[in-house]
Each structure stands twice: as structure tokens, then as C-alpha cells.
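[1] The following block contains a protein sequence and its predicted model.
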Amino acid sequence: MVPWGGLENWLNVTVHCGENGASVRVSGDIIHSTELMTFLVGIERLSKTVKGQVEMACMEPYLSVVLKAGDCGHIEIQVDITPDPAKQKHSFIFEIDQSYLPKLITDCKKVLEEYPMIGKP
């Protein structure tokens, strides 16, 4: 049996974030399936309570996503993304409401179903 932290649990992804003339893209094995699973659990909790925050803090320094619950079901999303952590830093802030969370939950589940975690965390 391969331990859960093995290379096969890294997700090779392309992440793009852009807004108002800024566009940042990063690709590679930058998200581990355990990070996505933890993020999913946090989003499910946030969807039920609409309180607190949830973060996908990747081990690799290329991506971080934080969802913070605000008033009246509003949620702020902060995305920190960079293709070159030594030379660049890019941060984006978006506003959504709680009605967007079910689709995000479904999408995270689809990824984890298609690329199931090998081993047990």
C-alpha cells in the first residue's frame, strides 16, 4: 500500500485567476488531494452555517484560497496565486453569496471522485 502522502495524490492542475485587466495562470502538481478534501469539508460547513472561514492552504506556494463569511450570506474570496513565488505575488478579492457554495461543493466532489485519494490520511 502506498502512503496517502505519495506522489500519486498530487493533482496536476491549471489555475487561472483574473479581474480588471489582471490575469495570472499557474500549472503543475500544486494541489494535494488532502488539501482539496479538507477544503471541501470546510466549504460544506460554511454552506450550512454561513459563519467563519475556510482556507485551502496548499503546501506548494503557488496558490491559496480563503472564503470568509460576512453579513447576510455574503462571502469574500481571496485568491493568492503566483507562477513564481520568489519574484511575484498576486492577490484577488471577489464577493459572492452563499448560493454559489453548492456548485463549488459539487465540483470539488467531482474532482475527488475522478481522482480518488490513494491510501488513508
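    Great, that's in hand.
[2] How many residues are close by residue 62?
    Neighbour count for residue 62, taken as other CB atoms under 10 Å: 21. For the C-beta atoms, the positions are set from N, CA and C on the backbone; glycine is no exception.
[3] For it, give its distance to residue 33.
    Separation of residue 62 from residue 33 (CB to CB, to the nearest Å): 16 Å.
[4] Over to residue 114?
    Distance, residue 114 to residue 33, using CB to CB: 11 Å.
[5] Compare those two (neighbour count), which wins?
    Taking neighbours as other CB under 10 Å, residue 114 and residue 33 compare with residue 33 leading, 21 against 8.
[6] shaky segments in this structure?
    Counting by pLDDT under 70, the chain shows low-confidence ranges at 1-6, 120-121.
[7] Just the strands from it, written as ranges.
    Assigned by DSSP state E, the strands in the chain fall at 10-19, 22-32, 53-57, 63-69, 74-81, 90-97.
[8] Tell me which of these approaches residue 40 most closely.
    Closest approach to residue 40 among the strands of the chain (CB to CB): strand 53-57, 9.2 Å.
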